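Asker: Just need the structure, nothing else, for what follows:
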Amino acid sequence: METDYVQLTHRGLFLASLVMSSFASGPISVFASLLLIDIGSTFGTSVGITGQMNTTYSISALIVALLTGILSTRFRHRSLLLCGMALMLVSSLGCYLAPDFLTLVASFSLSGVGYAMVNPMTFALVGSHLPVERRPNAVGGIVAGGALVYVIGAPIIAIIAGTGGWRLPLLEFVIPILFASLLLSYFGLPRVRAGGGFTDDKGTFRSFMEVFTNRSAIACLVGDSLRSASFVAVVFFSASFVRQKFNASRDLASLMIIGAAMSYVAGSLVSGFLVNRLGRKLSVILAALFAGSFTAAYVLALDFNVSVALIIVASWFFGHLASAANSLTLEQIPSFRGTMMSLDTAAFNLGSALGTTVGGLALLISGYEVLGFILGALCIMGAFVWSLFAVDPTRMAKASP
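Answerer: Have a look, this model is predicted:
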């Protein structure tokens with residue numbers, strides 16, 4: 001494993017490919033979040049209804065992530081990642097050409113399919129090719145790469161949409177980024193089989209049983225589902241919140257997204273440092289408590305600047321939480337990291353679908369205040385789940401004689 005790591009480091013493209021894959025998976029989500037109102041105006045749908053694009057995306061990702069858990073025992077992680085990137089390309093083109101809202105939703109959901117293949121494989125490849133002490137920083141870099149697209153993508157998408165409508169950013173930004181990532185991954189990722197050593201149903205069944213009979217692994221899945229539901233309040237609804245409650249312009253909302261994304265990136269990068277000192281479990285618990293609290297608080301602010309500040313602070317803790325939680329989950333079932341991370345992606349998207357559905361209903365029935373309270377509380381619940389049931393296998397290994 002160390003020899004493999006040295007060879008990959010010398011090539012210089014391994015981690016860059018994974019970070020770029022994470023980065024390229026994000027523009028389609030930025031596009032939907034920032035232009036939710038504009039898309040709704042085109043098709044005559046409300047923000048609550050248009051926001052269900054994210055629900056179909058998450059449900060698609062959930063279903064395919066379960067399938068990816070099976071495929072990861074039969075196919076190379078690299079192959080699955082490349083296939084996912086190609087599907088996201090097709091999805092973006094379909095969204096650009098969509099003549100009606102239903103076609104747009106169907107095309108957008110295909111990005112969820114691609115994401116469900118790309119995301120777990122990036123982390124599984126880290127676990128297969130990097131030594132344990134280097135994994136937290138690598139995971140932090142991958143999470144930061146996914147968030148960095150908000151820093152770069154939000155202003156670019158806003159500018160392009162301002163000059164050519166909401167469809168044009170797909171053609172001029174989202175699709176080129178995906179194509180570049182596909183090429184980099186093709187040449188930068190190792191062709192050796194990393195995981196996926198089982199080729200029969202017995203091996204596949206064993207991989208799932210290893211996860212579902214492990215209390216700590218299940219706790220990680222439940223915790224990630226709850227943090228994902230909570231994060232929807234920040235990543236998906238916050239831009240619409242400031243535009244509707246404070247009459248902020250689209251450009252101003254994009255600046256807020258940039259600030260929140262930069263905070264998320266900083267939190268994810270710092271997480272690698274803190275995880276190695278506090279441990280994966282404690283880092284996750286503390287970050288979840290703070291992330292949920294600030295999520296519930298930002299919708300209650302009566303001043304625009306205060307609300308934005310709370311969103312940015314919540315984003316920092318969500319960035320920290322994402323890196324720490326992925327680091328903890330990655331170590332749960334070392335023999336079947338592909339299956340574990342695929343199931344984690346399914347759990348994450350289940351939570352995202354839950355958060356979007358609950359958030360949309362809260363907007364239709366009550367308002368943003370209820371949305372923030374409910375979704376913030378879910379993250380705090382996640383902290384208790386991790387605290388009571390999760391364990392950090394790397395700490396247990398160090399404690400063993």
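Asker: Without its sequence neighbours, what residue ends up closest to Phe101?
Answerer: Excluding its sequence neighbours, the residue lying closest to Phe101 (CB to CB, 6 or more residues apart in numbering) is Phe43, at 3.9 Å. Using the backbone N, CA and C atoms, a C-beta is placed for each residue, glycine as well.
Asker: which residues touch Ala138?
Answerer: Going by CB atoms under 8 Å, 6 or more residues apart in numbering, Ala138 touches 15, 18, 126, 130, 272.
Asker: shaky segments in this protein?
Answerer: Applying pLDDT under 70 to the chain picks out residues 1-12, 192-203, 395-401.
Asker: at 50 what do you get?
Answerer: Applying pLDDT under 50 to the chain flags the ranges 1-3, 6, 8-10, 194-197, 397, 399-401.
Asker: wait, isn't Ile142 in contact with Ala124?
Answerer: No - using CB atoms under 8 Å, Ile142 makes no contact with Ala124, being 11.4 Å away.
Asker: follow-up on the earlier one: roughly how far does the residue nearest to Phe101 sit from Ser254?
Answerer: Per CB to CB, to the nearest Å, Phe43 is found 22 Å from Ser254.
Asker: What of Leu278?
Answerer: Distance, Leu278 to Ser254, by CB to CB: 34 Å.
Asker: Please apply the same query to Asn305.
Answerer: 17 Å.
Asker: If you count surrounding residues, which of those two has more?
Answerer: Per other CB atoms under 10 Å, whichever of Asn305 and Ser254 has more neighbours is Ser254, with 26 against 9.
Asker: Does that one touch Ile157 like I think?
Answerer: Yes - judged on CB under 8 Å, Ser254 makes contact with Ile157 at a distance of 7.4 Å.
Asker: Tell me the residues that contact both of these two, please.
Answerer: The contact sets of Ser254 and Ile157 overlap at Leu34 (CB under 8 Å, 6+ apart).
Asker: who's in contact with Ser111?
Answerer: Applying CB under 8 Å, 6+ apart, the residues near Ser111 are 28, 57, 87-88, 91-92, 95.
Asker: Leu321: which of these is nearest?
Answerer: Tyr57 (21.1 Å; CB to CB).
Asker: How far does stretch 241-255 sit from its chain's centre?
Answerer: 23 Å (CA atoms, centre = their mean, to the nearest Å).
Asker: Now do the buried residues in it.
Answerer: 241-243, 245-246, 248, 250, 252-255 (16 or more other CB atoms under 10 Å).
Asker: Among these, which one lies nearest to Ala362?
Answerer: Phe241 (11.5 Å).
Asker: Name the helix or strand for the closest residue to Ala239 other than its chain neighbours, please.
Answerer: Closest residue to Ala239 apart from its sequence neighbours, by CB to CB, 6+ apart: Ala253 at 4.4 Å. Using DSSP states H and E, Ala253 sits within helix 250-278.
Asker: burial measure for the closest residue to Pro393 other than its chain neighbours, as a count.
Answerer: The shortest distance from Pro393 to any non-neighbouring residue, by CB to CB, 6+ apart, is to Glu331 (4.8 Å). Neighbour count for Glu331, taken as other CB under 10 Å: 25.
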